[in-house]
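# Structure for the following, please:
(2 chains)
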Amino acid sequence: MYDKEKGLANDFLQGKLSRRELIKRFAAMGVSASAAGVILNMQASNALAADFDWKKHSGKTVKLLLNKHPYTDAMIANLDNFKALTGMEVEYDIFPEDVYFDKVTAALSSGSSEYDAFMTGAYMTWTYGPAGWIEDLNEWITDPEKTNPNYNWDDMLEGVRASCAWNGQPGGELGSADAKQWCIPWGYEQNNLAYNAEMLDAAGVNVPTNMDELVEAAAKLTGGDTYGIGVRGSRSWATIHPGFLSGYANYGQKDLNNDGGRLSAAMNTDVSREFHTKWVNMIQNSGAKDWATHTWYQVGTDLGAGKSAMIYDADILGYFMNGGDNKMAGKLAYAPFAANPDAASPTPNIWIWSLAMAKASKDKDATWQFLQWASGPEHGMFGATKMDFVNPVRKSVWADEMFRERLNSSYPGYVEMHDVSAPGAKIHFTPQPLFFDLTTEWAATLQKMVAKEVPVDEGLDQLAESVNVQLKDAGLG
Amino acid sequence: MKSNKRRKSFFSRAALPYVLSLPALIVCIGVLIPFFTAVFYSLQRFRLSQPWARKMNWGENYLNFLSDPGFWSTLKVSLVYAGLTVGLELLLGLGIALLLRRRSRVNNFVSIMLLMPLMTAPALAALMFKLMTNPGFGILSYFLTLLGIEDFRWGSAPSSALFTVVLVDIWVYTPFIMILLLAGLRSLPTQPFEAAALDGVPRIQQFFRITLPMLTPYILTAVLFRLLESIQQFDIIYAMTQGGPGDTLMVFQVEAYLNFFQSTNVGRSSALLMILWAITFVISNIFIKNWLRLRERARGEV
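Below is the predicted model of the structure:
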């Protein structure tokens, strides 16, 4: 029974058949899409099992600490396949993002062995890694005994993969030869423009392609109950890392200078002053009135509710706002954004939801069994095509025609935006242990500038001075 | 038989004080161990992200505060916040308590209804107010526009952020002071008031000469509780603005929380909390001394 169908699925998995062709032939056989999915998944699991001893840790249980997120939903939806493949059990606790990282810090710093693996951002591993709370995953990735031959580590987008690897030296280059792989990329976000195409059309505004055009377009789109541009503004490091740093980096600006391992503030250059001035003016003239309390949540929901015309923030935020029961669902479009008119292409700073292994985990090989499955090509493809596991971190998923078509049909410009920006997409911050201190202070300074408590020039000088003092105090400057 | 019984009761009598004090002892240990651990941490250069740099630096964390404008701003904001909230809540609470002083069905009903905000978790109250002050759909923002005040930015502008969080605090905690003072007012002896009424003492003079002095122990109790809680404010401010905009609302607990959970700077975070402990210790000492003195005086007069 189903032999023919299984054969087709195997051909596809071995690369003999394109996905489009596979679907056509399934349709010709009268197999429904959902049945085809089941067969494909089953065969994918069998194919995985053929080359590698997935059952090695059968009967063991892995416990995960997870953030409430569509990536988590996608993983849970596919979990039965993992259990069938490995004979392992998976337990998990899910927390909302507001308290998630506090929970992680508490669990890790107490040395608790409750959780074997957890979701994290790459920035957080700049604390967890040097603190000795997580494992360098290179040990497993490079061991053919422990990692299945289809894992295809090189399939991960280079900028994303490198951004999760750091040698632990303050200011050390991400992804350097001696870097430790503190976490495995799972899904990631580039920061680009998402806009309300209807509003831009109605106002006769073209999609902005650089900072000056963005400021101008945002001003034209502000009026009545809507404002032109949504960016984050809360007193948090998260205000700096999305659009703001992406634009800032596009002008070739850095957060810190690295002089042979001695770090110092780099945000009070002339170019930086000019960028800050434009950014601050843009928020004052065309930003949300309550910008200073805006996190990604408000930035996203305002776009989805039609209260803002554009956002310069995580691309997947625009993605999610274009679906569900959002008022503006179906009206949003996407564009790559290079703030600097002289820049060749965008340089989005990225946020990477990744998976890390706790050093206190009692069975690390079993945990790796889960991690390699969850970050493997099969689950990546499943999540991207069946669930909302965007943006995928694997080149093979981005190359998949069905996936591209799915995005192109409902999310105009999304694929092109990704393709154009991916080469320049990476973490543009300098990795160092004071990351959260310095970026939070940067956000507080931006708030003061926007509130006109301090002029941009003066604010940047104060910030640079304070950053230098803190770096010196911590023995980094 | 008899002597046996006596021995038994002697045993239990000897052990009883220890058994009875056991819970207090356990609580003491539960409080003292973390406290002294925190004191120890506060004397260290200790960042979780730089375990190699951990060492005793004795009072350096505290000395650094002296030259740290961030610390002085934190101290100032905390004191202003505590002063404003407690002062306003006391005035309002006392006013409402005086209005409801007479026992009647309506007054009892109203006093129970007024307790409602106290049953709301302050963090939730802050989120409610965050929604109500939203410039797009918030009802408070809408009322202000009706009054012709456009562009009032509530928690997101430095000029009005303090006002906004103080408003939430007042909304939540005024009933606390009100109910304490109401209980106090209703328990006051009636003779002095009757005598004053007979002598035709004006109401205002009655209030300042009789009610207020007799109510002072209650007021002190209410103020002490509120002051201790207010100087340790965290939830309302964190839920509303995370200490922003800028450094406008960086009170002790918010700063210490961010220092620990975001910067993993255990040393500085502990030192901040030690200062906060010292402040609360001094305040409670002053209040308790005065409270005892007042009570003694009241007894002496009786």
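
# Mind listing what's buried along stretch B:163-171?
B:164-171 (16 or more other C-beta atoms under 10 Å in any protein chain shown). Every residue, glycine included, has its C-beta placed from N, CA and C.

# and if you look at stretch A:324-331?
A:326, A:328, A:331.

# Looking at the buried residues of stretch B:163-171, spot the one nearest A:D143.
B:V165 (53.9 Å; C-beta to C-beta).

# show me the contacts for that closest one.
When contacts are counted by C-beta atoms under 8 Å, 6 or more residues apart in numbering or on different chains, B:V165 touches B:81, B:126, B:155, B:236-237, B:240-241, B:249.

# Pick out the residue nearest the middle of chain A.
A:Y188 (2.3 Å; C-alpha atoms, centre = their mean).

# How about the contacts made by B:N107?
B:100-101.

# how about it, secondary structure?
helix (DSSP: H, G, I helix; E, B strand; the rest coil).

# how about the helix or strand harbouring A:Q447 against chain B, any contact?
Applying DSSP states H and E as the criterion places A:Q447 in helix A:435-450. Yes - interface with chain B: helix A:435-450 contributes A:436-437, A:440, A:443-445, A:447-448, A:450 (C-beta under 8 Å from any C-beta of the partner chain).

# Scan the residues you listed and report the most crowded one.
For the residues of helix A:435-450 next to chain B, the largest neighbour count, defined by other C-beta atoms under 10 Å in any protein chain shown, is 30 neighbours, found at A:Q447.

# The residue in the stretch 201-302 of chain B positioned nearest to chain A: helix or strand, and which one exactly?
Chain A sits closest to B:G244 of the stretch 201-302 of chain B, with a gap of 3.1 Å, by C-beta to the nearest C-beta. Of the helices and strands defined by DSSP H and E, none includes B:G244.

# Run a quick neighbour tally on it.
30.

# What separation is there between the one residue sitting closest to the centre of chain B and A:E21?
Closest residue to the average C-alpha location of chain B: B:E229 at 1.9 Å, with C-alpha atoms, centre = their mean. Look at B:E229 and A:E21: by C-beta to C-beta, to the nearest Å, they are 69 Å apart.

# ok, now A:I240?
46 Å.

# Which one of those two is surrounded by more residues?
Neighbour count, other C-beta under 10 Å: between A:I240 and A:E21, A:I240 has more, with 23 against 14.

# For A:D365, which residues are in contact?
A:56-57, A:140, A:146.

# Kindly indicate whether the residue in chain A that chain B sits nearest to is helix, strand or coil.
Proximity of chain A to chain B (C-beta to the nearest C-beta) peaks at A:R235, 3.1 Å away. Applying three-state DSSP to A:R235 yields a three-state assignment of coil.

# For it, which residues are in contact?
A:292, A:440, A:443-444, A:447, B:241-246.

# same thing but at 10 Å, please
Contacts for A:R235 (C-beta atoms under 10 Å, 6 or more residues apart in numbering or on different chains) come out as A:292-293, A:440-441, A:443-444, A:446-447, B:241-250, B:254, B:258.

# Now do the helices in the stretch 201-350 of chain A.
For the stretch 201-350 of chain A, the helices defined by DSSP state H, counting those that start in this stretch occupy A:211-220, A:243-250, A:270-286, A:296-304, A:315-321.

# any chance of these in a markdown table, plus mean neighbour count?
Below are the helices of the stretch 201-350 of chain A laid out as a markdown table (neighbours: other C-beta atoms under 10 Å in any protein chain shown):
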| stretch | mean neighbour count |
| --- | --- |
| helix A:211-220 | 19 |
| helix A:243-250 | 25 |
| helix A:270-286 | 18 |
| helix A:296-304 | 22 |
| helix A:315-321 | 24 |
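
# which regions of the chain lie under the pLDDT threshold?
Chain wasn't specified; assuming chain A. A:1-3, A:6, A:8-10, A:12-20, A:22-23, A:26, A:30-50 (pLDDT under 70).

# ah, I was thinking of chain B
Counting by pLDDT under 70, chain B contains low-confidence ranges at B:1-11, B:298-302.

# And the helices in it?
B:2-42, B:60-66, B:69-99, B:105-113, B:122-132, B:139-146, B:158-187, B:191-199, B:203-206, B:212-231, B:235-241, B:252-257, B:266-301 (DSSP state H).

# okay, now B:P69: neighbour count?
Here the count is done by other C-beta under 10 Å, and B:P69 has 10 residues near it.

# is it true that it touches B:D247?
Yes - here B:P69 reaches B:D247: they are 9.0 Å apart, a contact under C-beta atoms under 10 Å.

# The residue nearest to B:A197 when sequence neighbours are not counted and B:L100: what is the separation?
Closest residue to B:A197 apart from its sequence neighbours, by C-beta to C-beta, 6 or more residues apart in numbering or on different chains: B:Q206 at 8.0 Å. Going from B:Q206 to B:L100 by C-beta to C-beta gives 17 Å.

# of all the residues in the stretch 1-150 of chain B, which ones are close to chain A?
Applying C-beta under 10 Å from any C-beta of the partner chain, we find that the stretch 1-150 of chain B lies next to chain A at B:45, B:47-53, B:60, B:64, B:67-70, B:130, B:133-138, B:141, B:150.

# hang on, A:T209 packs against A:V420?
No - look at A:T209 against A:V420 with C-beta under 10 Å: they stay out of range, at 11.3 Å.

# Neighbours of residue 238, how many?
Unless you meant another one, I'm taking chain A. 18.

# should've been chain B
Residues near B:Y238, counting by other C-beta under 10 Å: 18.

# Not counting residues beside it along the chain, what's closest to it?
Leaving out its chain neighbours, the residue that sits closest to B:Y238 by C-beta to C-beta, 6+ apart is B:V254, at 5.5 Å.

# so, in contact with chain B or not, the top strand by length along chain A?
Taking DSSP state E as the criterion, chain A has its longest strand at strand A:184-196. No - applying C-beta under 10 Å from any C-beta, one finds strand A:184-196 out of contact with chain B, separated by at least 15.4 Å.

# about what we covered before: export the contacts of B:V165 to TSV and tack on neighbour count?
TSV is the format used below for the contacts of B:V165 (neighbours: other C-beta under 10 Å):
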residue	neighbour count
B:Y81	22
B:A126	24
B:G155	29
B:I236	29
B:I237	29
B:M240	25
B:T241	30
B:L249	28
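
# is it possible to export those residues to TSV including distance to A:F429?
Output for the contacts of B:V165, formatted as TSV (distance: C-beta to C-beta, whole Å):
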residue	distance to A:F429
B:Y81	33
B:A126	31
B:G155	28
B:I236	32
B:I237	28
B:M240	28
B:T241	24
B:L249	26
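
# Residues of the stretch 201-350 of chain A that sit close to chain B?
A:225-227, A:233-237, A:239, A:288-295, A:298, A:302, A:305, A:307-308.

# make it 8 Å
A:225, A:233-237, A:288-293, A:302, A:307.

# Make a PyMOL selection of the buried ones in these.
To isolate the buried ones among those in PyMOL, judged by 16+ other C-beta under 10 Å, type:
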select buried, chain A and resi 233+234+235+236+237+288+289+290+291+292+293+302+307
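
# Dump the residues of the stretch 201-350 of chain A next to chain B to a markdown table, plus distance to A:H428.
A markdown table is the format used below for these (distance: C-beta to C-beta, whole Å):
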| residue | distance to A:H428 |
| --- | --- |
| A:D225 | 35 |
| A:G233 | 20 |
| A:S234 | 20 |
| A:R235 | 21 |
| A:S236 | 18 |
| A:W237 | 14 |
| A:A288 | 25 |
| A:K289 | 29 |
| A:D290 | 28 |
| A:W291 | 23 |
| A:A292 | 24 |
| A:T293 | 26 |
| A:D302 | 26 |
| A:K307 | 29 |
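
# now for the residues of the stretch 201-350 of chain A next to chain B, which pair is the farthest apart?
So, these by C-beta to C-beta: farthest apart are A:D225 and A:W237, at 30.5 Å.
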